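Enquirer: next one to model:
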Amino acid sequence: QGLVCTNVSLKPGQRLTVKGKVAPSAKSFVINLGKDASNIGLHFNPRFDAHGDMNTIVCNSKKVEEWGAEHRETVFPFQKGDTAEITFSVNQNDLTVHLPGHQFTFPNRLGLSVYDYFNIQGDFTPQSISWE
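Expert: Purely as a prediction, here's the structure:
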């Protein structure tokens with residue numbers, strides 16, 4: 001299950017920053033942002049070695065338990081055993097994901113005006129979470 005936060009109320013113009021430590025034997029971790037556990041606007045899933053992917057970030061969305069089309073980023077700035085900082089900026093029509101030395105956008109497929117649900121699971125231990 002991992003860490004779950006509800007009533008986060010992230011709106012366009014706001015950012016959520018997660019700092020934490022990647023496990024030394026990490027296979028993958030997940031950060032979800034959305035309305036609730038069944039409606040995920042952004043499923044952010046760095047995979048070191050999981051589901052047939054090596055050093056790839058897989059992003060997706062889930063609407064009422066239905067997954068959308070996967071989006072893959074080949075830039076992979078994470079190292080096992082290292083700390084990582086990831087910032088999610090909420091925009092009107094998409095989310096911008098800021099990684100060390102790289103950023104990309106993911107569309108707001110669910111048309112969410114506010115992101116209330118946030119969850120972290122897998123081989124990543126959050127050390128600080130902040131939003132502004």
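
Enquirer: so how far is Ile57 from His102?
Expert: According to CB to CB, to the nearest Å, His102 and Ile57 sit 9 Å apart. Backbone N, C-alpha and C define where each C-beta goes, glycine included.

Enquirer: over to Val97?
Expert: In terms of CB to CB, Val97 sits 8 Å off from Ile57.

Enquirer: ditto for Glu65
Expert: With CB to CB as the criterion, Glu65 and Ile57 are 23 Å apart.

Enquirer: okay, the two: which has more neighbours?
Expert: Ile57 (22 against 9; other CB atoms under 10 Å).

Enquirer: ok, back up a step: okay, and the common contacts of Val97 and Ile57?
Expert: By CB atoms under 8 Å, 6 or more residues apart in numbering, Val97 and Ile57 have these common neighbours: Phe44.

Enquirer: what comes up buried for stretch 39-56?
Expert: Within stretch 39-56, the residues scored as buried using 16 or more other CB atoms under 10 Å are 39-48, 50, 53, 56.

Enquirer: which residues touch it?
Expert: Applying CB under 8 Å, 6+ apart, the contact partners of stretch 39-56 are 26-35, 57-64, 67, 72-74, 76, 78, 80, 86, 88, 95, 97, 106, 108-110, 112, 115, 117, 123.

Enquirer: so for that stretch, mean pLDDT?
Expert: Stretch 39-56 carries an average pLDDT of 98.

Enquirer: cool, stretch 2-10 as well?
Expert: Mean predicted confidence for stretch 2-10 is 93.
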